[in-house]
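>>> okay, sequence plus prediction incoming.
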Amino acid sequence: MAYLRFLMLLRALLLLSIVWLFSILTGACQPPDQKHLKSGLYKAKVTPGIYQMDRLVSYLGDKRVGLIVNHTSMIDNIHLVDTLLAREVRLGVIFSPEHGFKGTAYNGEEVLDGEYLGKYPIRSLYGKTRKPTTGDMNKIDVLVFDIQDVGVRFYTYASTLHYVMESAAEHNKEVIILDRPNPNAHFIDGPIRKEQFKSFIGMHPVPIVYGMTIGEYGQMINGEGWLKNGIQCRLEVIPIGNYTHSTEYILPVAPSPNLPNQRSVLLYPSICLFEGTVISEGRGTNRQFQVYGHPVFDKEHFSFVPESMSSSKYPKHEGLKCGGVDLTNLDTDEILSWKKINLSYLQDAYQKFGVNGRNDPAEDFFLKNGFFEKLAGTEELRMSIIDGKSEEEIRSGWEDDLSEFRKIREKYLIYPE
């Protein structure tokens with residue numbers, strides 16, 4: 001008996017040794033290092049709403065489905081259209097936003113209708129119409145919206161959602177939003193859009209950066225009565241898993257041709273204001289929204305030459321050497337830490353433009369077509385830059401409005417801060 005007990009003990013020790021050795025070799029018994037912690041490898045994976053595919057398919061049943069999608073509508077490496085077709089969902093009409101179904105059209109380019117697999121129609125919502133027509137709505141029973149937004153008022157995907165919801169309400173169709181993380185959800189900043197500056201790049205009275213996912217934003221469109229005549233659509237949001245507004249989320253797919261990486265996405269709220277000025281924001285380069293400059297600026301330290309390319313046709317100062325500022329060395333963690341729009345770039349460019357021999361920088365700097373006001377949503381920002389107000393003074397002018405917006409926003413939040 002003693003001999004048998006000895007053999008059993010020896011066997012147990014041998015098994016423990018094997019487990020211990022395997023743990024050492026694989027690193028399983030080692031604590032996560034800081035690099036892994038920062039990368040999120042030891043955090044729960046953030047899962048966009050599209051990952052709840054069983055729930056979606058069950059909900060769709062045998063309904064005829066309209067999809068509002070583009071190149072970002074992916075689950076892993078498979079497009080939502082292909083996923084649903086493989087699940088034998090009845091696909092009716094595909095709708096595409098600005099930049100098109102494939103996400104290759106340059107900014108402002110009219111997107112034409114097309115087809116998928118030679119069988120399924122693709123209707124452009126950035127061409128002859130920006131709202132699904134009665135003819136197309138009669139071919140479907142429910143709409144599914146799955147597009148990656150960046151959480152900035154003048155980024156047009158939220159405007160497309162508005163018109164989709166409006167058409168759905170008018171035709172008694174339901175909209176399902178497959179929610180996705182907002183890479184700029186960690187702060188709220190900028191002036192509230194005034195009614196006289198309403199446009200497709202500013203549909204709603206919200207700040208430039210509103211701190212909401214596209215699903216939360218859709219609920220706000222409905223709840224605040226922003227659709228025509230205050231109508232509401234039947235809306236279902238399939239939420240993101242393991243997500244908060246402070247969760248850093250690196251987009252797996254570039255959301256549009258001129259936001260090629262995380263740095264450009266995070267700088268976009270600050271640099272895009274240059275679109276309403278004579279200053280280049282980097283379109284026509286491979287550093288879009290990561291540089292800014294003008295031909296009259298000093299070229300000794302940094303310069304770039306905008307050229308026409310597929311992502312940017314006819315950029316500002318095409319073929320001209322622009323002096324300017326290079327932001328490509330900015331660490332994304334630093335940009336995230338700002339938690340605000342960086343107005344110093346706009347102030348810096350205006351000051352340099354005036355210093356470089358302009359007779360009337362106030363007249364020449366801002367485009368005369370009023371596009372800057374549409375971007376800002378107000379005329380006060382332009383006047384504040386001209387008057388030389390400090391960033392603190394400018395920001396104080398919209399704090400009361402932001403406080404009121406936060407109260408409205410809170411009613412529609414799905415995720416914690």
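Everything's here; your move. Just so you know, these numbers come straight off a predicted model, no measurement behind them.

>>> what about residue 383, neighbour count?
Using other CB atoms under 10 Å, residue 383 has 12 other residues around it. The way it works is simple: take the backbone N, C-alpha and C, and place the C-beta from them, glycine included.

>>> tell me what whichever strand or helix holds it is packed against?
Assigned by DSSP states H and E, residue 383 falls within helix 380-386. Counting contacts by 3 or more CB pairs under 8 Å, 6 or more residues apart in numbering; DSSP states H and E, helix 380-386 packs against helix 344-355, helix 371-376, helix 391-396.

>>> output those helices as CSV; include the columns mean neighbour count and mean pLDDT.
Shown next, in CSV, are those (neighbours: other CB atoms under 10 Å; pLDDT from 0 to 100):
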stretch, mean neighbour count, mean pLDDT
helix 344-355, 18, 95
helix 371-376, 22, 98
helix 391-396, 14, 97
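
>>> report the separation between the closest residue to residue 343 other than its chain neighbours and residue 197.
Distances taken as CB to CB, 6 or more residues apart in numbering place residue 391 nearest to residue 343, at 4.7 Å, with adjacent residues excluded. According to CB to CB, to the nearest Å, residue 391 stands 22 Å off from residue 197.

>>> same question for residue 272.
Counting by CB to CB, the gap from residue 272 to residue 197 is 15 Å.

>>> which one of the two has more residues nearby?
residue 272 (21 against 18).

>>> which residues touch residue 330?
Listed by CB atoms under 8 Å, 6 or more residues apart in numbering, the contact set of residue 330 reads 263, 267, 290.

>>> most neighbours out of these, which is it?
Of all the contacts of residue 330, the highest neighbour tally under other CB under 10 Å goes to residue 267, namely 27 neighbours.

>>> hang on, the earlier thing: next one: the helix holding residue 383 to chain centre, how far?
Centroid displacement of helix 380-386 relative to its chain, using CA atoms, centre = their mean, to the nearest Å, is 27 Å.

>>> what residues does that helix touch?
Contacts for helix 380-386 (CB under 8 Å, 6+ apart): 191, 273, 346-347, 350, 362, 366, 372-373, 376, 393-394, 397.

>>> repeat that with 7 Å
Under the contact criterion CB atoms under 7 Å, 6 or more residues apart in numbering, helix 380-386 has outside partners 191, 346-347, 350, 362, 366, 372-373, 376, 394, 397.

>>> please flag which of the contacts of residue 330 sit within helices.
The members of these that map onto helices under DSSP state H are 263, 267.

>>> would you check that the residue nearest to residue 343 makes contact with residue 342?
No - contact status for residue 391 versus residue 342: not in contact, 8.4 Å apart, counting by CB atoms under 7 Å.

>>> much appreciated, bye for now.
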